[in-house]
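Colleague: Curious how this folds, go ahead:
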Amino acid sequence: MVQPGSHLRPVPADATELPVGLPAAAGPRAVEQLVQRAQAGEMAAWSKLYQDNFERIYRHVRTLTGDPHVSEELVQETFVQALLKISSFDNRSLFSTWLHGVAINVVRNHWRSRNSTERAHAKLELVHALPGESDELGIAVHRKQRVKALYAAMESLPEQLRVAFVLRDLEGLSPDEAALRLGITPGNVAVRATRARQLIRKQLIAWGILPGEQEQSA
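Modeller: Model (predicted):
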């Protein structure tokens, strides 16, 4: 098989020319054919799969990480890993579902390798930036800070809870869709997402970002 290259990028949206023999619209059967050709080492077929899936994988990874620069690197790594492993894809699931699973594993490895000191510093910066007064929604920071706070709180979650929360609450997947990506039951997804919400809320209350029960009832 031809070795993967990280230099591949999606073609412009207005590009009209495709390699000979590649379908313009990739339906289920067309995707299956492209995968088979990519598994045989045909890089033109892999390039088409890359182009068709790049944007959705980027959005997925961007939601998981909250960092556009890190996301670009992790998306490239996702496609490198997918090309290396494509021979193991057996069509039991949609190729896009399998690719999202590869992306989740890449992001998990990123989370595991990140320096805990950097995460601690980021959280300290966030806490020091908080103003002392609440707005009409009971939120102590403006929208950008709330997003930073959410991702900082997510850092404290166990990995399984974090991924379930992202898929259900940030990406808006149904329990069945999230379960398919994670290889668990919809019931387990619901349990993990609920627990994640509870822990995140507890952390945001501790930081003074969300009002506690006493403040809400006052």
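
Colleague: For Ala190, which non-adjacent residue is spatially closest?
Modeller: Distance criterion C-beta to C-beta, 6 or more residues apart in numbering; nearest residue to Ala190, sequence neighbours excluded, is Pro175 at 5.7 Å. (Glycine included, C-beta is placed from N, CA and C.)

Colleague: Regarding this structure, what is its longest helix?
Modeller: helix 43-65 (DSSP state H).

Colleague: What residues sit buried inside it?
Modeller: Residues of helix 43-65 classed as buried: 43, 45-54, 57-58, 60-65 (neighbour count, 16 or more other C-beta atoms under 10 Å).

Colleague: Likewise for stretch 34-41?
Modeller: Leu34, Val35, Arg37, Ala38.

Colleague: can you redo those residues as JSON lines with secondary structure?
Modeller: Listed next are these as JSON lines, based on DSSP: H, G, I helix; E, B strand; the rest coil:
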{"residue": "Leu34", "secondary structure": "helix"}
{"residue": "Val35", "secondary structure": "helix"}
{"residue": "Arg37", "secondary structure": "helix"}
{"residue": "Ala38", "secondary structure": "helix"}
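
Colleague: of all those residues, which two lie farthest apart?
Modeller: Val35 and Arg37 (7.3 Å; C-beta to C-beta).

Colleague: which residues are common contacts for those two?
Modeller: Ala45 (C-beta atoms under 8 Å, 6 or more residues apart in numbering).

Colleague: ok, the buried residues of stretch 34-41 vs Glu159, which is closest?
Modeller: Val35 (28.7 Å).

Colleague: Now do stretch 71-84: distance to the chain's middle.
Modeller: 12 Å (C-alpha atoms, centre = their mean, to the nearest Å).

Colleague: next one: stretch 185-205
Modeller: Using C-alpha atoms, centre = their mean, the offset of stretch 185-205 from its chain centre is 17 Å.
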